[in-house]
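> coords below, sequence missing:
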């Protein structure tokens, strides 16, 4: 019987999850490693070698770390669960003219639930991952996600969808470390090659990072359906032809393949008319947005006018705003105009370092 309880650690084979498992093992937890197989790259139509977290080398790296340190390791096949929800949502959102965030959807609806289900079956008290964030219990008894101390690695943004029953059972040991410290820990533990291992920033089911080709593979005939639409300006004037509205996102400047003599950006997407709206950078400015699918973390309600720092993208610094419950969601009003609000992306509300909650951007308003 361990002194700290039994914990199931999600091990991808990468440095962060491996150090998480070894750290907890050294701290006296009874560790069970589990590696989730979410996707077969052959299903995406890609001929490239599997990379990232769903390849045989990663599975072997995770298993070897477990064997060397004397704790069990299992591979959990969640391809059916993952594909049915995360991949279908990814495709459907692009076809609806929105820009999805599959990592958020996976964390919220698949990964944590799958982990907790197996943790319960194996009698585990906790689940743990290698995310750079904190979880603590507030004085109001709610479990709160808070930013990791390494601003360059903080992953609290992608955890806004986790509900209280999941947070109460989750340990995130890396939130109090910088990435450089984790690399040094891996080296000190004898995992020199792992300490040098490059990180993957690709979507796990898009191995070549070409989501356009992936969409075509998953939606036969898509190119014929959407090709030949128009680029238009804010007055509806036709500016040229695009390659299909699902292949563009709000704020995009590169890859338009049309010359104007000045920088132009995607300012809107109209799926019904197969149109992509272009404009100058100032036309990206918005002062409010509607966010739905809200999950609250720090508080159980949002009071009208609550002030928050709202982030609309993972690497964004965020913008000061006020939150107003409305239309089955939250209306976010910014003090200063914000550029590039993309429907389908996550909006996450912060109170200092703590996540108040978050949701999916539905629409924004013109200035």
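On my side now, so go ahead. None of these values were measured; they are calculated from a predicted model.
> Just the buried residues of the helix or strand bottoming out on mean pLDDT in the chain, please?
Least confident helix or strand of the chain, by mean pLDDT, DSSP states H and E, is helix 222-226 with a mean of 76. For helix 222-226, burial by neighbour count (16 or more other CB atoms under 10 Å) applies to 222, 223, 226. For the C-beta atoms, the positions are set from N, CA and C on the backbone; glycine is no exception.
> who are the neighbours in contact with the nearest residue to the last one once chain neighbours are set aside?
Which is residue 226. Closest residue to residue 226 apart from its sequence neighbours, by CB to CB, 6 or more residues apart in numbering: residue 244 at 3.5 Å. Neighbour list for residue 244: 222, 223, 225, 226, 227, 229, 274 [criterion: CB atoms under 8 Å, 6 or more residues apart in numbering].
> Check residue 23 too.
Residue 23 makes contact with 173, 185, according to CB under 8 Å, 6+ apart.
> What's the separation between it and residue 128?
Going from residue 23 to residue 128 by CB to CB, to the nearest Å gives 9 Å.
> and for those two, which residues touch both?
Residues touching both residue 23 and residue 128 by CB under 8 Å, 6+ apart: residue 173.
> which stretch of helix or strand covers the closest residue to residue 320 other than its chain neighbours?
Sequence neighbours aside, residue 335 is the residue nearest to residue 320 in space, at 5.1 Å (criterion: CB to CB, 6+ apart). Taking DSSP states H and E as the criterion, residue 335 maps to strand 329-339.
> Also residue 23?
For residue 23, the element it lies in under DSSP H and E is helix 15-26.
> roughly how far is that helix from the heart of the chain?
22 Å (CA atoms, centre = their mean, to the nearest Å).
> What residues sit buried inside it?
Within helix 15-26, the residues that count as buried by 16+ other CB under 10 Å are 15, 16, 17, 18, 19, 20, 21, 22, 23, 24, 25.
> re the thing from before, run me through the strand neighbours of the strand holding residue 335, direction for each.
Here strand 329-339 has these sheet partners by DSSP bridges: strand 285-296 (antiparallel), strand 319-326 (antiparallel).
> tell me the mean pLDDT over the helix holding residue 23?
What helix 15-26 shows for mean pLDDT is 96.
> From what I see, residue 160 and residue 297 are in contact.
Yes. Between residue 160 and residue 297 a contact is recorded at 6.9 Å, counting by CB atoms under 8 Å.
> what residues are shared contacts of those two?
Common neighbours of residue 160 and residue 297 (criterion: CB under 8 Å, 6+ apart): 145, 355, 357.
> Next, count neighbours for residue 348.
Here the count is done by other CB atoms under 10 Å, and residue 348 has 29 residues near it.
> Can you read off the pLDDT for it?
Taking residue 348 on its own, its pLDDT is 98.
> before we move on, what about residue 2?
Model confidence at residue 2, given as pLDDT, is 66.
> Skip the chain neighbours and tell me the closest residue to residue 25.
Counting by CB to CB, 6+ apart, residue 25 lies nearest to residue 31, which is 4.6 Å off, once chain neighbours are set aside.
> oh sorry, the question was meant for residue 273
residue 229 is the one closest to residue 273 (CB to CB, 6+ apart), at 7.6 Å.
> now the strands for the stretch 151-300 of the chain?
For the stretch 151-300 of the chain, the strands defined by DSSP state E, counting those that start in this stretch cover 170-171, 230-232, 238-241, 265-270, 275-279, 285-296.
> wait, the stretch 1-150 of the chain
Listed in chain order, the strands of the stretch 1-150 of the chain (DSSP E, counting those that start in this stretch) span residues 6-10, 30-37, 73-77, 126-128, 133-137, 143-147.
> do you know which of those strands lies nearest residue 61?
Among these, strand 30-37 comes nearest to residue 61, with 9.2 Å by CB to CB.
> Sheet partners, orientation included, of that closest one?
Strand 30-37 pairs in its sheet with strand 6-10 (parallel), strand 73-77 (parallel), by DSSP bridges.
> Now find how far off-centre it is within its chain.
In terms of CA atoms, centre = their mean, the centre of strand 30-37 is found 21 Å from the chain centre.
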